[in-house]
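In: quick one, structure for this:
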Amino acid sequence: MKVIKYIKDSFEELSTKMTWVSWKEAQKSTVVVAIFTIIFALAVFVVDEAFKSVLVKYFELF
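Out: As a prediction, this is how the structure comes out:
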């Protein structure tokens with residue numbers, strides 16, 4: 001079957017022909033991504049709150 005051969009070939013390629021980062025390097029990268037994700041989320045929150053307050057003030061004029 002083609003599907004089984006494809007799965008076997010994919011597994012072989014992943015286990016023998018690829019180089020993987022070390023566990024320590026993967027952990028460092030994960031921490032960096034998590035920190036930047038939190039910073040970006042906070043920045044989006046601040047911009048969202050600013051727009052919300054401007055829109056509330058604008059619609060209170062009517």
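In: point to the helix or strand of this protein where mean pLDDT is at its lowest.
Out: Least confident helix or strand of the chain, by mean pLDDT, DSSP states H and E, is helix 2-12 with a mean of 93.
In: what is that helix packed up against?
Out: Packed against helix 2-12, as judged by 3 or more CB pairs under 8 Å, 6 or more residues apart in numbering; DSSP states H and E, are no other helices or strands. (Each C-beta comes from the backbone N, C-alpha and C, glycine too.)
In: next SSE after that helix?
Out: Using DSSP states H and E, the helix or strand that follows helix 2-12 in sequence is helix 23-60.
In: quick one: distance of that next one to the chain centre.
Out: 13 Å (CA atoms, centre = their mean, to the nearest Å).
In: then stretch 6-19?
Out: Remark: stretch 6-19 is offset 25 Å from the chain centroid, using CA atoms, centre = their mean.
In: with just CA atoms, put that stretch into PDB.
Out: Output of stretch 6-19 as PDB, limited to C-alpha atoms (Å, rounded to 0.1, in the frame of the first residue of the first chain):
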ATOM      1  CA  TYR A   6       4.800   6.700   2.700                       C
ATOM      2  CA  ILE A   7       4.600   6.600   6.500                       C
ATOM      3  CA  LYS A   8       7.600   4.300   6.700                       C
ATOM      4  CA  ASP A   9       9.700   6.400   4.400                       C
ATOM      5  CA  SER A  10       8.700   9.600   6.300                       C
ATOM      6  CA  PHE A  11       9.600   8.000   9.600                       C
ATOM      7  CA  GLU A  12      13.000   6.900   8.200                       C
ATOM      8  CA  GLU A  13      13.700  10.300   6.800                       C
ATOM      9  CA  LEU A  14      12.800  12.000  10.100                       C
ATOM     10  CA  SER A  15      14.900   9.700  12.200                       C
ATOM     11  CA  THR A  16      18.000   9.400  10.000                       C
ATOM     12  CA  LYS A  17      18.300  12.300   7.500                       C
ATOM     13  CA  MET A  18      17.400  15.200   9.700                       C
ATOM     14  CA  THR A  19      19.400  17.100  12.300                       C
END
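In: thank you, goodbye.
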